[in-house]
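K.L.:
This is a predicted model, with the sequence first.
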Amino acid sequence: MRDVPRILEWMHDKSVTKDLKTNFSVFTMEDVERFILQSRDTHLNLHKAIVSDLDEYMGTVSLKEINQKGGSAEFAITVRSDAMTKGYSWFGMTEMLDLAFSELGLSSVYWCVSRKNERAVHFYDKHHFHEAVDIPQNILKRYEGLDNLKWYSVLAGDDYHSEVYNHKTIAGCKIVSIKTIPTVGAGELSFFEAETDIPFQIKRIYYISKVPEGIRRGFHAHKELKQMLFCPYGKIHLVLDNGNGREEITLSDPSVGIVIEQPVWREMLWMEKDSVLCVAASEHYKAEDYIRDRTQFDIYIKKAKTENEGVEADAAI
Ligand code: T46
């Protein structure tokens, strides 16, 4: 109840509420008190306060319409204007998603925002949440009369904590986001197209499966071959080195790809049994394109560097 004034403050703050479905400006002290009392019944809706280290209320994060049988719930979050851009939203969101999947055992969490709500759309897109299609009619019904909504959905097992997206490249290779479309209650579909989504024509697809946990593969580089590596199932650790030192990344999200376009030494460690590594490659298989000896790779890179410096020097003259 101590939080009531701080809750009421954001409800009457137009900068917070302007793109929200509910008209909070009419809410009174009594309405908020009633909401808090009702929030103790956690059967259908679960509301939690996001608080600062000093225990001040900063926002509310919710799971609504919890459907244990169908394994789904709707997510909602609102934070005060003084809590924006400070990490409170991300903290509240990930805590709530963890709770939905680990404690409640749900299989999907979905939500929508008005496309006009640029702040919210930017936040969800920045964190690589996938836009959902095929929202079931019973859910859409609750939003009847509202158009221009953008729907999102997270499925159990999605790696929303992933640090992968904090970086754009690794060992000179691009970390790319593979377009992924979740369907509420029916999994997700990821796709990429040659030359538009990845910068080469695909002449070969191969995948590596049935590898026991703890096994390493790779230990080679390619001279010309371009590839995109992705892990649609499980967890695989990649060690990449383009001659400037080793860099590492864990692939566990089907919507993350690593595009390798230059000679890069690679090692792959299977962190979970049955993880699958898929590769889209620019050329047919050619044994001569492999450099399987580390010393030879270092010589190859050194030579390529010297030749490149020579070309640049010529261009300068
Ligand atoms: C790579 C990493 C990520 C073929 O006959 N055709 C093929 O298309 C491929 C890819 C392999 N092979 C043969 C060559 C070997 O006799 O399959 C055998 C196993 O290949 P390798 O030991 O090279 O597998 P990995 O897992 O070490 O490396 C593979 C790819 O070969 C390589 O290009 O970048 O995955």
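P.N.:
Yep, it's here. Numbering: from 1, shown residues only.
K.L.:
by contact count, what packs against the helix or strand where E307 lies?
P.N.:
Here E307, judged by DSSP states H and E, is contained in helix 294-316. Secondary-structure packing of helix 294-316 (3 or more CB pairs under 8 Å, 6 or more residues apart in numbering; DSSP states H and E): strand 216-222. Quick note: C-beta positions are derived from backbone N, CA and C, even for glycine.
K.L.:
then the helix or strand following the strand it packs on to PDB, C-alphas only?
P.N.:
Where DSSP H and E defines the elements, the next helix or strand beyond strand 216-222 is strand 227-233. What follows is strand 227-233, C-alpha atoms only, in PDB (Å, rounded to 0.1, in the frame of the first residue of the first chain):
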ATOM      1  CA  GLN A 227      29.600 -19.900 -44.500                       C
ATOM      2  CA  MET A 228      26.800 -19.200 -42.000                       C
ATOM      3  CA  LEU A 229      26.800 -21.300 -38.800                       C
ATOM      4  CA  PHE A 230      23.800 -21.600 -36.600                       C
ATOM      5  CA  CYS A 231      22.500 -23.900 -33.900                       C
ATOM      6  CA  PRO A 232      18.800 -24.700 -34.200                       C
ATOM      7  CA  TYR A 233      18.800 -27.100 -31.300                       C
END
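K.L.:
for strand 227-233, the distance to its chain's centre please.
P.N.:
With CA atoms, centre = their mean, to the nearest Å as the basis, strand 227-233 stands 15 Å off its chain's centre.
K.L.:
residues contacting the most centrally placed residue in the chain?
P.N.:
Nearest to the mean C-alpha position of the chain, by CA atoms, centre = their mean, lies H128 at 4.0 Å. Contact analysis of H128 by CB atoms under 8 Å, 6 or more residues apart in numbering lists 160, 162, 165, 177, 255.
K.L.:
what helix or strand is it on?
P.N.:
Short version: H128 belongs to no helix or strand, going by DSSP H and E.
K.L.:
So for it, what's the pLDDT?
P.N.:
For H128, the pLDDT comes out at 86.
K.L.:
What about L54, how many residues nearby?
P.N.:
Using other CB atoms under 10 Å, L54 has 5 neighbouring residues.
K.L.:
Next one: whichever residue of the stretch 1-150 of the chain sits closest to the ligand relative to S62, how far apart?
P.N.:
Across the stretch 1-150 of the chain, no residue is closer to the ligand than H128, which sits at 23.5 Å (CB to the nearest ligand atom). Per CB to CB, to the nearest Å, H128 is found 22 Å from S62.
K.L.:
One more: E163?
P.N.:
26 Å.
K.L.:
For the stretch 1-150 of the chain, just list every one of the strands.
P.N.:
Under the criterion DSSP state E, counting those that start in this stretch, the stretch 1-150 of the chain contains strands at 46-51, 57-67, 72-79, 108-114, 130-131, 149-155.
K.L.:
I misspoke; the intended subject was the stretch 151-300 of the chain.
P.N.:
Shown for the stretch 151-300 of the chain, the strands assigned by DSSP E, counting those that start in this stretch span residues 169-170, 173-177, 179-182, 188-191, 204-208, 216-222, 227-233, 236-241, 246-251, 256-260, 265-270, 276-281, 290-291.
K.L.:
Among those strands, which comes closest to F75?
P.N.:
Closest to F75 of the strands of the stretch 151-300 of the chain, according to CB to CB: strand 179-182, at 13.0 Å.
K.L.:
For the stretch 51-200 of the chain, give me the ranges with low pLDDT.
P.N.:
Scanning the stretch 51-200 of the chain for pLDDT under 70 picks out nothing.
K.L.:
Taking it, what residue is nearest to the ligand?
P.N.:
C173 (11.5 Å).
K.L.:
Tell me how many other residues surround that residue.
P.N.:
23.
K.L.:
likewise K203?
P.N.:
Counted with other CB under 10 Å, residues neighbouring K203 total 13.
K.L.:
quick one, phi psi at it?
P.N.:
Torsion angles at K203 (phi, psi; degrees, to the nearest 10) stand at phi -110, psi -10.
K.L.:
same question, F129
P.N.:
phi -70, psi 150.
K.L.:
you'd agree it is up against W151?
P.N.:
No: judged on CB atoms under 8 Å, F129 makes no contact with W151 at a distance of 10.2 Å.
K.L.:
Of all the residues in stretch 47-66, which ones are buried?
P.N.:
47-51, 57-63, 65-66 (16 or more other CB atoms under 10 Å).
K.L.:
Provide a list of residues in contact with the residue of the stretch 101-250 of the chain found nearest the ligand.
P.N.:
Of all residues in the stretch 101-250 of the chain, R217 sits closest to the ligand, at 3.6 Å by CB to the nearest ligand atom. Counting by CB under 8 Å, 6+ apart, R217 touches 208, 211, 267-268, 270.
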